[in-house]
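>>> just a sequence and a predicted model for now, questions to come.
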Amino acid sequence: MPGGSRRGRANPPKEGGAPAVTRRGNVTRSAKFARKVESIGDATRPRRILVRMPNWIGDACLAMPFLQALRAQLPDASIVALARPGPDGIAKLAPVDEVILLEDRGPLWVRPWRLRRAGARLRSHRFDVGVSLPTTTSSALLLRMAGIRNTVGYGRGPARFLFSEVLDWKAAKELHRSDAYLHLLAGLGLKVPKLAWSPPPVSDVARAAGEARLAPLGVARPRIGLGVGSMAASRRWPADSWAELALRLRRELGAGVVLLGGPGERAIAAEIRARVDADVLDLAGHTRIEEMPGLLSCLDLMVSNDSGSAHLAALAQLPTVVFFGAGDPKITAPPWDGCRVITHPVSCAPCLKNTCRFQLECLTGISPERVTDEVRQLLAARGRRP
């Protein structure tokens, strides 16, 4: 996908392309089960529903339409999100009643014990329904260990034997990730709406806190955030390119520049600061996830790797230029029209590997000059001073 491209709402699945629901194998869902899931709407409400959140911040943001649709169709249900540190901050922004922190990681020899302990703790909540957004076997196993009889998820690998209601992963993986999450509603006997990106508004309190954090920028405008990191090396634009971009934004646009990211981005942020003579505000690793939408809502634009920062900007409905090296923007780009995707065409794209066997040409081929032009165009399109 050469050049910048505007992304609007993700394309709906083709007719007949929706994931099929099956009963633990390949048997078509029975009428008996259809009546059973419809009982969610009867006098037994409120039901207790556990939603196992995705493991990555970006994917957790893409789960927002699913959580909103679940709440809209089951307004009286008690919906609980189970999330690891990081994604739990996204869950706190969603329309759920409670967020339970999942601590199941660590050395390999302790993970089974932690999973067993988490299952025992969840069992006391007596959930009626469990939905797994990740496709991992451990996520499916945890719902079983929590004593949840009615579980829904995608049949990928061994996980397909652990859910009571299985959706076809082969069909879902061709959908945009947000759309794939929405189709899990079918496993609950609920309506699957068209994908629409409408995150909850940022509160005045969160916005005021964001303004306070940006005070060191003074009156400089536009304010531009740089999401400089990513967990995968194959998704990271080089530090020297970020430094040159920061200098161009300061010199050509008079912009106030903010470095953003999680604790893992502190090192690359420090490297960029060392290469930039002009002042930049470094907030990488110094802002909690749930505080990010308020902070981002006070910016004029974001430039980011394909990372959690880009998806957090989408939650704040902040215009964003996002680079895609590894990864497929048709599947995981923020699904709204304020996001402009930039790629550099290479023969090995799209690639899903975390490291590159070549010279990372898909990202090194994107020049700071080109990005500056994209920023200028997007600011003008959004009615902001370029």
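Looks like it came in fine. Numbers count the residues shown, from 1 in each chain.

>>> please enumerate the helices of the stretch 251-386 of the chain.
For the stretch 251-386 of the chain, the helices defined by DSSP state H, counting those that start in this stretch cover 266-275, 292-296, 308-315, 329-332, 361-364, 368-381.

>>> what's Ser198 in contact with, if anything?
Pro65, Gln68 (C-beta atoms under 8 Å, 6 or more residues apart in numbering). Placement of C-beta: from N, CA and C, glycine included.

>>> repeat for the one 4 residues further on
Taking C-beta under 8 Å, 6+ apart as the criterion, Val202 is in contact with Pro293, Gly294, Ser297, Ala316.

>>> which of those residues tops the neighbour count?
Top of the contacts of Val202 by neighbour number is Pro293, holding 27 neighbours under the definition other C-beta atoms under 10 Å.

>>> how about the nearest residue to that one, chain neighbours excluded?
Computed as C-beta to C-beta, 6 or more residues apart in numbering, the closest residue to Pro293 that is not its neighbour in sequence is Ala316, at 4.3 Å.

>>> if I look at the one you found, how far off is Leu295?
Going from Ala316 to Leu295 by C-beta to C-beta, to the nearest Å gives 8 Å.

>>> sorry, back to before: could you work out the most separated pair of the contacts of Val202?
Spatially, the most separated pair among those is Gly294 and Ala316, at 7.8 Å (C-beta to C-beta).

>>> redo the helices of the stretch 251-386 of the chain as JSON lines? Include distance to Arg117 and mean pLDDT.
As requested, the helices of the stretch 251-386 of the chain are exported to JSON lines (distance: least, C-beta to C-beta, whole Å; pLDDT from 0 to 100):
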{"stretch": "helix 266-275", "distance to Arg117": "31", "mean pLDDT": "91"}
{"stretch": "helix 292-296", "distance to Arg117": "30", "mean pLDDT": "95"}
{"stretch": "helix 308-315", "distance to Arg117": "27", "mean pLDDT": "94"}
{"stretch": "helix 329-332", "distance to Arg117": "32", "mean pLDDT": "93"}
{"stretch": "helix 361-364", "distance to Arg117": "41", "mean pLDDT": "79"}
{"stretch": "helix 368-381", "distance to Arg117": "46", "mean pLDDT": "94"}
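
>>> these: which one's closest to Val205?
Val205 sits nearest to helix 292-296 of all those, at 7.7 Å, using C-beta to C-beta.

>>> can you read off the pLDDT for Asn354?
The model reports Asn354 with a pLDDT of 64.

>>> go on, Ala171?
Ala171 carries a pLDDT value of 87.

>>> which elements pack onto the host helix or strand of it?
Assigned by DSSP states H and E, Ala171 falls within helix 169-172. Contacts defined by 3 or more C-beta pairs under 8 Å, 6 or more residues apart in numbering; DSSP states H and E place helix 169-172 against strand 150-155.

>>> quick check: mean pLDDT across the strand it packs on?
pLDDT averaged over strand 150-155 gives 94.

>>> what comes into contact with it?
Residues outside strand 150-155 that contact it (C-beta under 8 Å, 6+ apart): 19, 22, 36-37, 128-133, 135, 139-140, 143-144, 159-160, 162-169, 172, 180, 184, 187-188.

>>> quick check: Glu252 touching Thr372?
Yes - between Glu252 and Thr372 a contact is recorded at 6.4 Å, counting by C-beta atoms under 8 Å.

>>> tell me which of those two has more neighbours.
Thr372 (21 against 14).

>>> for the more buried one, which non-adjacent residue is spatially closest?
Using C-beta to C-beta, 6+ apart, the closest residue to Thr372 is Arg248 (4.7 Å).

>>> distance of the closest residue to Arg266 other than its chain neighbours from Ala310?
Spatial nearest neighbour of Arg266, chain neighbours left out: Gly285 (4.3 Å); criterion: C-beta to C-beta, 6+ apart. Gly285 sits 17 Å away from Ala310, going by C-beta to C-beta.

>>> neighbour-wise, which of those two wins?
More neighbours surround Ala310 than the other of Gly285 and Ala310, with 28 against 17 (other C-beta under 10 Å).

>>> where are the low-confidence patches of the protein?
Within the chain, the ranges that satisfy pLDDT under 70 run 1-18, 20-46, 105-110, 347, 349, 352, 354-357, 359, 384-386.

>>> which residues touch Arg156?
Thr135, Trp169.

>>> could you give the number of residues near Arg370?
Should you count by other C-beta under 10 Å, Arg370 turns out to have 15 residues around it.

>>> so it touches Arg340, yeah?
No - Arg370 is beyond contact range of Arg340, at 11.8 Å (criterion: C-beta under 8 Å).
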